[in-house]
Structure formats: structure tokens, C-alpha cells
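Pasting a predicted model and its sequence here:
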Amino acid sequence: MDTDTMRLYPDPTAGELVHAIAKNYRLKDEQVFVGVGSDDVLAMSFLTFFNSQKPVLFPDITYSFYDVWADLFRIPYERPALDENFHIRKEDYFRENGGIVFPNPNAPTGVEMPLEEVEDIIRHNPDVIVIVDEAYVDFGGQSALAPREVGEEDVVHPLKEVLRVATKEDDEREAQNRVREREAFKICQKKIREHGLEMKLIDAEYTFDNNKVLFYFTADGRIDFRQLVKDLAAIFKTRIELRQIGVRDETKILGGIGICGRCLCCHTYLSEFAPVSIKMAKEQNLSLNQTKISGVCGRLMCCLKNEQETYEELNKKLPGLGDTVTTPDGLTGTVHSVNVLRQRVKVIVEINDEKEIQEFPVDDLKFRPRKKKVKVSEKELKELGNLEDKKGDSKLND
């Protein structure tokens, strides 16, 4: 048996990942535990930290696997009920226990516990482990992880100037602006209809000082909105700016769920759009099916860029389709297909006047490396060229 064919899994200790996480959070490697999923991490946590005879505490309505693990490992537990508004009552956890675990935000209620209350629970339980499960923190809520210093190389420039710490009055003004933006949006929509303009209003935004109101819209071509601006200026008594944006910026503002099931990257963390091309899809051996490689915005998915460098590096080590290679047995054959991620090559060889396909690790083959160029045919470009968005900059931060 060729044992190399069985090496399909990464390092079981995940050493590189552990080191990267530890470096990012300024911890020691031994302080990081990596599992094969959140439930695996929970199981190990229950086994490791909840081993006294005192009951573990977690909410009555919460993630269903808590009591599963507790029952499986024969750990006693109690489930304090939520209040009438489905909030966790911190006072229920100010008593003797063998440990505490709860999600924040809670699941399946989605209700977030303020960090001040989380800290109160921790302060009242100095001798036991309190696990704050943040599996759903990306969908709302503030992480309990303390702020940390970031290396200069990780800072995204340019940084905007910090004027001062926000006050309570600033927070109230910001909240008022959000209310005024909703009203401004309705008024602008009404005026667009009155003027019969072929434009789709996407969002309205007040600057913090109310010195200007920005309206973002999409349209198929140029729009003469001069009269609209005059009407809006007369209503709001401030500067008015109408900014035409593309479909990617529209999706960035409105948000949504990608085919991966997560919130769209552009809506959650991407500040700028990296140019994505059809060549990237071909380099990654993806089906050039418009519905499979395009995102909610109708353009090529931004995540194609994420793995591009990896595919480019892996493809450099592989022969091209139709190339001539020499197998470990000294046979000369033609490349039939390649598996980029597994770095394996299927070769057509001739044995006793019969052709057959054999598979080899690329390192076992001899061939003359040559720079491979990914080409997009005119037909592919004609069919899929509209998915490309060569203007990578967002218009929202101008």
C-alpha cells in the first residue's frame, strides 16, 4: 500500500494554526486549543473544567448541546430560567456552582447580554470557570475579549484622526441622525417619483455635524438630478450630495447572506473591493457557471481573491494538461488531469500496446516546468465578461 495516498488530512495538532492564533491574541501556544468544530471545543471544555460535584449553570433556553454534553459526561447541572423578555438574569448565577457557560448573544433567542453584566457574573464567581460562548458574536453583540495592541504591519492605512472620546451626547446625536436618515430617505424617494427620474435610491446618510446629507443611488446611465438637488436643499436646509454607486456598493450597504450561509464579506468587514477576474475562476478550476461564481451583487464573488495566491503557487508545481511526463517506472506519458489541492496527476501511459490512466503524486514525476498562462476564450469573455468589475474602489468612502 502506498501510504502517501492516505495523507489527505492536515497536521492533527494544527501547530501552525495554533501558533498564528496565539500570536494574534498575544498568548502562548499552550494557551490555545483548536478543535474540529465548536461542539468539539465545547466537549473538551466540559470535560476539562466542569469536573466537580457541584452543578454547572446554563440558561434554560440556550444552545441545545450544553445539556447533551453534561448528560453524556454525567456532569450535574441546573438551568436558571430566562426572564419574561428572554434575558439572562445575572443574579441567578451569583450562587455556588461548579462552573457557568452561556452564549452571548444567546441562542436561539438572539438576545445579547451587556458586557457589564458578563463582568458581574465573572466577579461573583472567582473560583470557577465561566465560559462565554461567542459562536454567534458575528451576528450581533460585543466580544468579551479585551482590546489588544496590533502590530504596525497589521494596521490598514490611512487611519482617520481621533478627535476625542465620544460622550453620551454624541451617542444621542448619532441615534438622532439614524432617525433623521430614515425620514430623509422617504422624502427623497417621494421627490424622485415626482421628477420621474430613472434611479433607485439605496441609502441616506447624515454627516455627524449635520453639515451635509448624502443620498446613494444606482442607475443605468447618467441622471440629470439638478432640480432634485434644489428641492432637497430647500427641504433640509443643508448641503446635499447625490452619489451614484455600482451594484457592489449597493450590496455592501444593504447586506445579505452569501451561498456559504454567512453574512456578506463586503457588508461585514471589507473596506475596499479587490478586482476579481474570470481568470481567477479558471485558475481555481471552478465551473464557469454564472450562478455558481457570482455573488448577490451579480458580479464575481469577492472570495475568489482569497485563495488566488494559494492556487497560483500550487499550480506552479503541476504540469499542464497534455504535457509529457516521465513516471517513477521510467514510462513516458501524457497528463490527463490534475488535482491542484492534493497535488496529484493522472497520466495516460501505454503498457503492452494498451493505454491506461495512472495517478501519481506530482513529486514522483519528471517533467520540464513551464510557465502556464490561464487563457479566457472570446466565447467565455462574451458570456461572463459582465461579471467582472474592474473598478475595484468603493464609492462609499470618498
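Great, that's in hand. Bear in mind the structure is a predicted one, so any value in this text is a computation, not a measurement.

make it CA atoms for all contacts and neighbour counts henceforth
OK.

shaky segments in the stretch 1-150 of the chain?
Scanning the stretch 1-150 of the chain for pLDDT under 70 picks out 1-10, 139-141.

Okay, helices next: where are they in it?
Shown for the stretch 1-150 of the chain, the helices assigned by DSSP state H, counting those that start in this stretch span residues 15-24, 38-49, 65-72, 115-123.

packing partners for the longest one?
Read it as helix 38-49. helix 65-72 (3 or more Cα pairs under 8 Å, 6 or more residues apart in numbering; DSSP states H and E).

Pull the residues that contact the helix it packs on.
Helix 65-72 is contacted from outside by 39, 43, 46, 58, 76, 77, using Cα atoms under 8 Å, 6 or more residues apart in numbering.

what's the fifth one in contact with, if anything?
By Cα under 8 Å, 6+ apart, residue 76 lies in contact with 53, 54, 55, 56, 70.

Dihedrals phi and psi, it?
phi -70, psi 150 (degrees, to the nearest 10).

looking at the helices of the stretch 1-150 of the chain, which is closest to residue 203?
helix 115-123 (31.2 Å; Cα to Cα).

buried ones in that closest one?
Residues of helix 115-123 classed as buried: 118, 121, 122 (neighbour count, 16 or more other Cα atoms under 10 Å).

do stretch 326-343 as well
Neighbour count says stretch 326-343 has 326, 327, 332, 333, 334, 335, 336, 337, 338, 340 buried, by 16+ other Cα under 10 Å.

list the contacts for the last one?
By that I understand residue 340. Contacts of residue 340 by Cα under 8 Å, 6+ apart are 311, 314, 315, 318.

Next, find the distance separating the closest residue to residue 365 other than its chain neighbours from residue 176.
In this structure, residue 365 finds its nearest non-sequential neighbour in residue 327, 5.1 Å apart by Cα to Cα, 6 or more residues apart in numbering. To residue 176, residue 327 is 72 Å away according to Cα to Cα, to the nearest Å.

hang on, residue 350 in a strand?
Yes - the assignment for residue 350 (DSSP: H, G, I helix; E, B strand; the rest coil) places it in a strand.

which one is it nearest to, not counting chain neighbours?
residue 356 (6.4 Å).

who touches the one you found in this structure?
Applying Cα under 8 Å, 6+ apart, we find residue 356 in contact with 348, 349, 350.

close enough to count as contact, the second one and residue 335?
Looking back up the chat, that one is residue 349. No - using Cα atoms under 8 Å, residue 349 is not in contact with residue 335, being 9.0 Å away.

Nearest the geometric middle of this structure, what residue?
The centroid of the chain falls nearest to residue 265 when counting by Cα atoms, centre = their mean (4.9 Å).

got the CA positions of stretch 235-244 in CSV?
The C-alpha trace of stretch 235-244 is given here as CSV (Å, rounded to 0.1, in the frame of the first residue of the first chain):
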residue,chain,number,x,y,z
ILE,A,235,-36.3,71.0,2.4
PHE,A,236,-33.3,70.0,4.5
LYS,A,237,-31.6,73.5,4.6
THR,A,238,-28.1,71.9,4.3
ARG,A,239,-25.7,70.7,1.7
ILE,A,240,-27.0,67.9,-0.5
GLU,A,241,-24.9,65.3,-2.3
LEU,A,242,-26.2,62.6,-4.6
ARG,A,243,-23.7,59.9,-5.2
GLN,A,244,-24.1,57.3,-7.9
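
and the gap between the residue nearest to residue 103 when sequence neighbours are not counted and residue 109?
Nearest residue to residue 103 in three dimensions, chain neighbours excluded: residue 133, at 4.2 Å (Cα to Cα, 6+ apart). For residue 133, the distance to residue 109 equals 14 Å [Cα to Cα].

okay, these two: which has more neighbours?
residue 133 (19 against 13; other Cα atoms under 10 Å).

Can you give me the separation between the more buried one and residue 262?
Relative to residue 262, residue 133 is positioned 18 Å away (Cα to Cα).

returning to what we had before: and the buried residues of stretch 326-343, which two are the farthest apart?
332 and 340 (21.3 Å).

about what we covered before: can I get the contacts of residue 76 in TSV including distance to residue 307?
TSV is the format used below for the contacts of residue 76 (distance: Cα to Cα, whole Å):
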residue	distance to residue 307
53	48
54	48
55	46
56	42
70	39
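
Make a ChimeraX selection of whichever of those residues turn out to be buried.
If you want just the buried ones from the contacts of residue 76 in ChimeraX, going by 16+ other Cα under 10 Å, the selection is:
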select :55,56,70
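
From the contacts of residue 76, which land in strands?
Using DSSP state E, the subset of the contacts of residue 76 located in strands is residue 56.

Closest to residue 31 out of the contacts of residue 76?
Among the contacts of residue 76, and counting by Cα to Cα, the member closest to residue 31 is residue 56, at 23.0 Å.

That closest one against residue 95, yeah?
No - between residue 56 and residue 95 there is no contact under Cα under 8 Å: 11.0 Å.

got any residues that touch both of those two?
Shared contacts of residue 56 and residue 95 (Cα under 8 Å, 6+ apart): none.

if we can go back for a sec, let me know the closest of the buried residues of helix 115-123 to residue 302.
Using Cα to Cα, the buried residues of helix 115-123 come closest to residue 302 at residue 118, 36.3 Å.

Show me where the stretch 251-398 of the chain has its strands.
Applying DSSP state E, counting those that start in this stretch to the stretch 251-398 of the chain gives strands spanning 324-326, 332-339, 344-351, 354-361.

mind listing what's buried in the third one?
Going back to what we said before, that points to strand 344-351. 344, 345, 346, 347, 348, 349.

for this protein, what's the longest helix?
Ranked by residue count and defined by DSSP state H, the top helix of the chain is helix 168-195.

So for that one, mean pLDDT?
Mean pLDDT, helix 168-195: 94.

And that helix, what's buried?
Result for helix 168-195 [16+ other Cα under 10 Å]: buried residues 174, 177, 181, 184, 185, 188, 191, 192.

Kindly report the same for stretch 75-93.
Residues of stretch 75-93 classed as buried: 75, 76, 77, 80, 82, 87, 88, 89, 90, 93 (neighbour count, 16+ other Cα under 10 Å).
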